[in-house]
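K.L.:
Whatever this is, show me its structure:
(chains A and B)
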There are 2 protein chains.
Amino acid sequence: MKVLVTGAGGFVGRELVARLLAAGHDVTGIDTAAGGIPSGARAIAGDLGDGAVRTEALAGGCDALVHLATVPGGAAEADPVASRRINVDAMYDLLLEASASGTCPRVVYASSIAVFGDPLPAFVDDATPLSPRMIYGGHKAMMEHAVAMFSNRGLIDGVTVRLPGILARPKGPSGMKSAFMSDLFHALKAGEAFTCPVSAEATIWAQSVCRCADNFVHALTLDSTTLPVTRAVTLPALRVTMGALADEIAHQCGVSSALVSYAPDAALEAAFGAQPPLATPAAQAAGFAHDGDLAMLVASALSTI
Amino acid sequence: MKVLVTGAGGFVGRELVARLLAAGHDVTGIDTAAGGIPSGARAIAGDLGDGAVRTEALAGGCDALVHLATVPGGAAEADPVASRRINVDAMYDLLLEASASGTCPRVVYASSIAVFGDPLPAFVDDATPLSPRMIYGGHKAMMEHAVAMFSNRGLIDGVTVRLPGILARPKGPSGMKSAFMSDLFHALKAGEAFTCPVSAEATIWAQSVCRCADNFVHALTLDSTTLPVTRAVTLPALRVTMGALADEIAHQCGVSSALVSYAPDAALEAAFGAQPPLATPAAQAAGFAHDGDLAMLVASALSTI
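P.N.:
Sure, this is the predicted structure:
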């Protein structure tokens, strides 16, 4: 089928596009630069807020849209105007334009656990109310309802998936405040010392990028009647401590976990190091999955860096 | 205190502004035409989507903002672009501008039961997920999250109240698909025959405009820590059948209820005539109330037409 992927040159986008191409799909990818989009996809470079870019991407129609492009958390917090322009306005326009064909395309929307607010409540499950504090989470929450509304109107067949921490991101600035989780992988794989900005006891929700891409592939074809009426599910994730994560990475990389020291930053510890127990029965009922166990998560994440 | 009321010349706005003026508050009202805004308020006529109008309204600051102005349900459905412009974009701008003073104003936002979708689920309570279908409900749901986000950031102290059917609206076009509920009052008060477009068995959630204005006055000063983390509550309402409502209006007006005949329209019956059992403990815990009983609701509604 014809699949349009926004953010196709990004961390998750590249993994997803590779899988879609391997499965024989006709893929168009948009990103701010074409360079990161896997060859084999029709690559469109441009700003998602530019109507001409969206028009070019949608030329020829699409059976499905996977909307990954975003101004990420840290960048949105630093520039709320840019977040509103891309994460709200451009996405709303894209939904209107994608639905204009009248073919009710499947739309898979990458939302975030940031919709639950920070700090997170003491327990998160499918009944946890949305109460965002970060700009990123607020805008993601707003657009979850747009996806539900467009779906309830029969204009799109929407699936919103809320992503936990995805491991391991490439090195370098990502605009994500949670980048330290990935930086730990890079340091230990290189045998370098790493100062972790949250404590060893800090708990995070994590999913490998491989598992994440598999979940997006699943989202493209799942029966949407298996979803909650909100169309939104929180993806299953493993809840692990940073200390246990560091030990397992060190073990698999054959280095000493003594390379890791801990110098907790209070703000990061509160925002990303206190992720509470998580239950995701709605996502599991709809066929989504986490990595299985910590060793599988680490092996999978290491395979991509 | 200094209170800015948008939609101040509207049905609910006029009742609210009159109460605020009587209590000695310094009231500024915005509406598309100044004529309906009670004298005593500083009246500003203009389009809420016009930044100059908002700037004029906010000149001198405000301690509280009551945001009633809206492109209503039927009008939003007919013109989704106008709904997006006013119900989403202009409101977001207004929140930014009202919060720019740094004084964390109380913001009371009039949302709607349309956020739950139509048809409504079989039972509605504080745990019912939002799943809008109408443009109006979708945009209201999006902005509920904006109110929560701005509140969680300490920029405003937000209170979202979801309104049921408010009785009795003035005669004439309102843009509300539910206007028939109010038209019944006008017809019987005038001793005229009325053909009701939903059945006698149709169930509606209703609140008098007097009680509604009292609830808005309460929202201006309530302790927001008594609210759910979403900052949103569904206002308490009486659930009544159209037949019982017609009988009580006829009784209080001294006319025969035989003046009312029923010719149900399937779409209206589904959208507005099948309102299920409703529980609103969160609103009641925060001090909001319904009219008490049907006789009190009808007497109150008749007093304003």
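
K.L.:
so what are the domain limits for chain A?
P.N.:
Listed by automatic domain parsing, the domain ranges of chain A are A:2-164+A:209-234, A:166-206+A:237-279+A:292-302.

K.L.:
quick one: the helices in chain A?
P.N.:
Taking DSSP state H to define them, one finds helices in chain A at A:11-22, A:51-58, A:73-78, A:80-83, A:91-99, A:135-152, A:180-189, A:209-221, A:242-253, A:266-272, A:281-285, A:294-302.

K.L.:
if I pick residue A:181, what's in contact with it?
P.N.:
A:165, A:167, A:168, A:204, A:206, A:242, A:245, A:272 (C-beta atoms under 8 Å, 6 or more residues apart in numbering or on different chains). C-beta: built from backbone N, CA, C; applies to glycine.

K.L.:
lowest-confidence stretch among the helices of chain A?
P.N.:
Mean pLDDT is lowest for helix A:266-272 among the helices of chain A, at a mean of 89.

K.L.:
Just name whatever secondary elements that one is in contact with.
P.N.:
helix A:180-189 (3 or more C-beta pairs under 8 Å, 6 or more residues apart in numbering or on different chains; DSSP states H and E).

K.L.:
If we use 10 Å, what do you get?
P.N.:
On a contact count with 3 or more C-beta pairs under 10 Å, 6 or more residues apart in numbering or on different chains; DSSP states H and E, helix A:266-272 meets helix A:180-189, strand A:203-208.

K.L.:
Give me whichever of the helices of chain A is most buried.
P.N.:
Each of the helices of chain A was scored by mean neighbour count; the highest is helix A:135-152, a mean of 26, by mean count of other C-beta atoms under 10 Å in any protein chain shown.

K.L.:
What is it packed up against?
P.N.:
Counting contacts by 3+ C-beta pairs under 10 Å, 6+ apart, helix A:135-152 is packed against helix A:73-78, helix A:80-83, helix A:91-99, strand A:106-112, strand A:157-163, strand A:232-234, helix B:135-152.

K.L.:
what would these look like in a markdown table with distance to residue B:291?
P.N.:
As requested, the helices and strands packed on helix A:135-152 are exported to a markdown table (distance: least, C-beta to C-beta, whole Å):
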| stretch | distance to residue B:291 |
| --- | --- |
| helix A:73-78 | 44 |
| helix A:80-83 | 41 |
| helix A:91-99 | 38 |
| strand A:106-112 | 39 |
| strand A:157-163 | 38 |
| strand A:232-234 | 35 |
| helix B:135-152 | 23 |
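
K.L.:
closest one to residue A:262 among those?
P.N.:
Judged by C-beta to C-beta, the one of those that comes nearest to residue A:262 is helix A:73-78, at 21.2 Å.

K.L.:
could you say what helices and strands that closest one packs with?
P.N.:
Judged by 3+ C-beta pairs under 10 Å, 6+ apart, the packing partners of helix A:73-78 are helix A:80-83, helix A:135-152.

K.L.:
For that helix, which outside residues touch it?
P.N.:
Residues outside helix A:73-78 that contact it (C-beta atoms under 10 Å, 6 or more residues apart in numbering or on different chains): A:70-71, A:82-84, A:86-87, A:112, A:114, A:118, A:133-140, A:173-179, A:271-272, B:153.

K.L.:
circling back: TSV for the domains of chain A, including distance to residue B:255?
P.N.:
Converted to TSV, the domains of chain A look like this (distance: least, C-beta to C-beta, whole Å):
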stretch	distance to residue B:255
domain A:2-164+A:209-234	41
domain A:166-206+A:237-279+A:292-302	57
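
K.L.:
Which among those is found nearest to residue B:4?
P.N.:
Nearest to residue B:4, of the domains of chain A and by C-beta to C-beta, is domain A:2-164+A:209-234 at 22.4 Å.

K.L.:
how about the residues of the stretch 201-305 of chain A that lie near chain B?
P.N.:
Within reach of chain B by C-beta under 10 Å from any C-beta of the partner chain, the stretch 201-305 of chain A has these residues: A:228, A:229, A:230, A:231, A:232.

K.L.:
Spell out which two among these are the most distant pair, please.
P.N.:
Every pair of these checked by C-beta to C-beta; the farthest is A:229 and A:232, at 9.4 Å.

K.L.:
If you count surrounding residues, which of the two has more?
P.N.:
A direct count of neighbours by other C-beta atoms under 10 Å in any protein chain shown for residue A:229 and residue A:232 places residue A:232 higher, at 27 against 15.
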